[in-house]
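Visitor: sequence below, structure please.
(chains A and B)
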Amino acid sequence: MDERHSPATAVQTRRQAAFLSDPKVRAIVYQVAALGLVGLLGYYLFTNTVANLHKQSIATGFGFLTKEASFEIGETLIDYSAADTYLKALAVGVLNTLKVAFIGIILTVILGTFLGIARLSTNWLVAKLAAVYIEVMQDIPILLQLFFWYSFFYDILPAPREAIEPMTGLFLSNRGVVFPVPEWHPAYGYAAAAFGIGCLAVSAVRRWARQRQERTGRIFPVFSVSLGLLIGLPLVTWLLAGAPHRMSVPELRGFNFQGGMSVSPEFGALLLGLVIYTAAFVAEIVRAGIQAISKGQTEAAMAIGLKPGQILNLVILPQALRVIIPPLTSQMLNLTKNSSLAVAIGFPDFVSVASTTMNQTGQAIEGISLIMVVYLCFSLLTSLFMNWYNKKMALVER
Amino acid sequence: MTAATQPTVRPAGLKAPVIRIGVVQWMRRNLFNGVFNSLLTVVVLLLLYKIVPPFVQWAFIDSFWTSTAEQCRAGGGACWSIIPANLRFIIFGFYPYELHWRPFLAMLLLVGLLLYSKNRNHWRRSLLWMWIVGLVVMGTLMKGGILGLTAVESDQWGGLPLTLMLSVFGMVGAYPLGILLALGRRSKLPAIRTISILYIELIRGVPLISMLFMSAVLFPLFLPEGVTFNKILRAQAAIILFTAAYIAEVVRGGLQAITRGQYEAAESLGLDYAQKMRLVILPQALKIVIPPTVGILISAFKDTSLVVIIALYDVLKTTKSALANPVWMGFSPEAYIFVGLIYFVCCYAMSNYSRRLEKELHS
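Guide: Got it, this is the predicted structure:
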């Protein structure tokens, strides 16, 4: 090759080759190329979209948010009517999503922990049943489970007139579940406030106890005192306020129940499906967390004279939680994302309100961006929490 | 003390106590070891007694298997008859009735390929070619139009073949993209890293359903006028884009697990970036992440059911439409249990395999 070139050009090619094989130059070339490609793709999609929108004469922008929604929403946490704006309708949707996620996460963690412990039980029957549950529920798509529970409410449960009553006051029918709740009384508000004060007091007591232990070495029974504060304060407040205990019991009037608290079939099916599905995954996480702690840890803690409660609190839980919390948070996020499947069974969560909005206004780009942004916010908040937690929990090594 | 010094030879004619052998011993050790466990066993047995016999009565003893819907309604048991009566629609959807053998053959081919690939001794380059040929043959069988096969438009595809296609092609398409994204995320070049991180986190932060909505509504807007893809391909694209982000994270885990020495050794041999990755790093990293990749395949398989929401006729949607027929209305538990069984068998086989593989690869 080289013989065909004059010496001058050979030097030049070598210099060019050297220039191109300089890692710094190459890095810049690659990055510019990548950015250019992404930019071109974006530009291509953007121009196509603008042309298409122009052709179909669809207006863009979020102006539609302030227009009248003119559709009803079955379940709302805040006052909403068809005369309100799309913005408010979407807010109702977000709140409904948060409601499902909040209640769902609490129930899932309880059921999942229970199942995870059951999975490791020395009782053969319990361990096997938990294992079967975990395997089966993990292997059936959540959407199918949602459909199943939805049909459970509408096809299997009877009309309100023949409602099933497994416990006094609790009725299951194809209109959903109704159960008795205490009738509202200001005393409950006071008790809730007392609980809040109790929480503050507990955190103060904990800080004080910790400081005193560091100073003097004396241990303060934080757990029992906290429990007393958290339960005792609201209880005393409730008693002082006259101990109201009238219950609002559901009664069959005409075709449906009056009074009590009612859960719609859609919400019930969504919650059941999400909890039963996600709990199987949580159970596996809990099991792994428990198994991650070797027996030696417990024995070592016993050897330095810790009491059983302290062993759990100071040795086992901090280590197990370090294993459990990160995947657990991602499961909670999964539950929140899966709650978007509510659109398939007609529960008005955010995605289903947004999709109604899209159908009515034709603002598909805005609608889908809103869905993505809202869920991204959820996951951003979760990962912020995770970073904070990881920093707090990270092993401090030499 | 005496117990330790006792001779191990048992005196003739003296058997071990009943509570130390056989079923009784097993039950004492596993079901009744302690007050709490005994109570638990009793409670669980009571619960099972409450649930299992009525279920067996409903599902098997009182059930109908080949009757008409009217006979089912007269009786009180499960109406499994809905399955044989609608089986071909549930499995094949709107695919032309007389051509059902083609998707059936395609599915058989897929199952055969999967079973063949299970054995790690078969993991050679030839397997890759077999898969490529196999997928082409499956596509030809489904689509037709050549070799004297009648053409079947893809909007008539449905049922189980569609479910399998969406998940298999979703995985095949997402895998290379996922690897590229993982490499991008681990790259030293800030621009490439940022693009990869943005893509991965954006996709992982949103539910699949929003991607499917996007495929149904926005993809047509993104493309120039006149260029159209049908709904199935668009959903397939959305599934690929979605799955790739998850694969990227799994592969990244594998890349992080490779020790620095491997990178340095490859560099000191004078390999460039592509050679280093292709010949040294990726073969090791991808091997580590095989079990979690199977996990992603399982969730991709389950997630294909979400296409119901954008009205594609996968196996769940065909079941729902069979149930929408007034004749069979109200027998949804039976139908859903049947579809659930299909999903369970597939996922259980995969997760079992992944667990076995994990054990093999660890040892």
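Visitor: up against chain B, what does the stretch 151-300 of chain A have?
Guide: When proximity is defined as CB under 8 Å from any CB of the partner chain, the stretch 151-300 of chain A approaches chain B at A:151-152, A:155-156. In this view, the C-beta of every residue, glycine as well, is placed from N, C-alpha and C.
Visitor: for residue B:189, what are its contacts?
Guide: Residue B:189 is in contact with A:27, A:30-31, A:34, counting by CB atoms under 8 Å, 6 or more residues apart in numbering or on different chains.
Visitor: in helices only, show me these.
Guide: When those are checked against helices (DSSP state H), the matches are A:27, A:30-31, A:34.
Visitor: narrow the contacts of residue B:189 to those that are buried.
Guide: Buried by 16 or more other CB atoms under 10 Å in any protein chain shown: A:27, A:31, A:34, out of those.
Visitor: ok, residue B:83 touching residue B:336?
Guide: No. With contact defined as CB atoms under 8 Å, residue B:83 does not count as touching residue B:336 (11.1 Å).
Visitor: so for the two, which sits in the more crowded spot?
Guide: When residue B:83 and residue B:336 are compared for neighbours, residue B:336 comes out ahead with 24 against 20, by other CB atoms under 10 Å in any protein chain shown.
Visitor: what about that one, distance to chain A?
Guide: As judged by CB to the nearest CB, to the nearest Å, residue B:336 and chain A stand 5 Å apart.
Visitor: and the helix or strand harbouring that residue, what other elements does it pack with?
Guide: Using DSSP states H and E, residue B:336 sits in helix B:332-362. Applying 3 or more CB pairs under 8 Å, 6 or more residues apart in numbering or on different chains; DSSP states H and E, we find helix B:332-362 packed against helix A:124-138, helix A:142-151, helix B:82-92, helix B:290-303, helix B:315-324.
Visitor: ok, which of these comes nearest residue A:160?
Guide: helix A:142-151 (17.7 Å; CB to CB).
Visitor: got the CA coordinates for that closest one in CSV?
Guide: Taking C-alpha atoms only, helix A:142-151 is exported to CSV below (Å, rounded to 0.1, in the frame of the first residue of the first chain):
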residue,chain,number,x,y,z
ILE,A,142,-52.2,-9.2,36.9
LEU,A,143,-54.7,-8.2,34.2
LEU,A,144,-56.2,-11.7,34.1
GLN,A,145,-56.5,-11.6,37.9
LEU,A,146,-58.2,-8.2,37.8
PHE,A,147,-60.7,-9.6,35.2
PHE,A,148,-61.2,-12.6,37.5
TRP,A,149,-62.0,-10.5,40.5
TYR,A,150,-64.2,-8.2,38.5
SER,A,151,-66.2,-11.1,37.3
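Visitor: where does chain A dip in pLDDT?
Guide: In the predicted model of chain A, residues A:1-18, A:20, A:394-398 satisfy pLDDT under 70.
Visitor: domain ranges for it?
Guide: A:2-55, A:86-183+A:246-393 (automatic domain parsing).
Visitor: can you put those in CSV and add distance to residue B:292?
Guide: Output for the domains of chain A, formatted as CSV (distance: least, CB to CB, whole Å):
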stretch, distance to residue B:292
domain A:2-55, 27
domain A:86-183+A:246-393, 12
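Visitor: quick check: which of those is buried the most?
Guide: domain A:86-183+A:246-393 (a mean of 18; mean count of other CB atoms under 10 Å in any protein chain shown).
Visitor: setting aside sequence neighbours, what's the nearest residue to the residue in the stretch 1-150 of chain B positioned nearest to chain A?
Guide: Nearest residue of the stretch 1-150 of chain B to chain A: residue B:30, at 3.7 Å (CB to the nearest CB). Nearest residue to residue B:30, sequence neighbours excluded (CB to CB, 6 or more residues apart in numbering or on different chains): residue A:124, at 3.7 Å.
Visitor: give me the distance from the one helix or strand residue A:47 maps to to the chain's centre.
Guide: Using DSSP H and E, the element containing residue A:47 is helix A:23-55. Remark: helix A:23-55 is offset 35 Å from the chain centroid, using CA atoms, centre = their mean, to the nearest Å.
Visitor: now swap in stretch B:43-53 and tell me
Guide: The chain centre lies 31 Å from the centre of stretch B:43-53; the measure is CA atoms, centre = their mean.
Visitor: which parts of that stretch are buried?
Guide: residue B:44.
Visitor: what about that stretch, near chain A?
Guide: Yes. Contact of stretch B:43-53 with chain A (CB under 8 Å from any CB) involves B:44-45.
Visitor: quick one: residue A:264 and residue A:74 touch, right?
Guide: Yes. Between residue A:264 and residue A:74 a contact is recorded at 6.8 Å, counting by CB under 8 Å.
Visitor: which helix or strand lies directly C-terminal to the helix or strand hosting residue A:274?
Guide: Using DSSP H and E, residue A:274 falls within helix A:265-292. Per DSSP H and E, helix A:265-292 leads on to helix A:295-303 as the next helix or strand towards the C-terminus.
Visitor: give the next helix or strand downstream of that next one.
Guide: Using DSSP H and E, the next helix or strand after helix A:295-303 towards the C-terminus is helix A:308-310.
Visitor: who touches that following helix?
Guide: A:223, A:301.
Visitor: report the next helix or strand after it in sequence order.
Guide: helix A:317-338.
Visitor: so what's residue 97 up against?
Guide: I'll assume chain A. A:336, A:339-340, A:342, A:349-351, A:374.
Visitor: my bad, chain B
Guide: residue B:88.
Visitor: over to it: give its phi and psi.
Guide: With angles defined as degrees, to the nearest 10, residue B:97 sits at phi -60, psi -50.
Visitor: out of the contacts of residue A:97, the closest to chain B would be?
Guide: residue A:340 (4.3 Å).
Visitor: and the angle for whichever helix or strand comes after the helix holding residue A:47 with helix A:265-292?
Guide: Next helix or strand after helix A:23-55 toward the C-terminus (DSSP H and E): helix A:86-119. Helix A:86-119 and helix A:265-292 are oriented at 40 degrees to each other (axes from the mean of the first three to the mean of the last three CA atoms, to 10 degrees).
Visitor: excluding chain neighbours, what is closest to residue A:334?
Guide: Closest to residue A:334 by CB to CB, 6+ apart is residue A:278, at 6.7 Å.
Visitor: that should have said residue A:287, apologies.
Guide: Nearest non-adjacent residue to residue A:287 (CB to CB, 6+ apart): residue A:116, at 4.5 Å.
Visitor: how about residue A:61?
Guide: Spatial nearest neighbour of residue A:61, excluding adjacent residues (CB to CB, 6+ apart): residue A:366 at 7.4 Å.
Visitor: what about stretch B:220-232, distance to the chain center?
Guide: Centre-to-centre, stretch B:220-232 and its host chain are 29 Å apart (CA atoms, centre = their mean).
Visitor: in the stretch 51-200 of chain B, what residue is nearest chain A?
Guide: Counting by CB to the nearest CB, the stretch 51-200 of chain B gets nearest to chain A through residue B:191 (3.7 Å).
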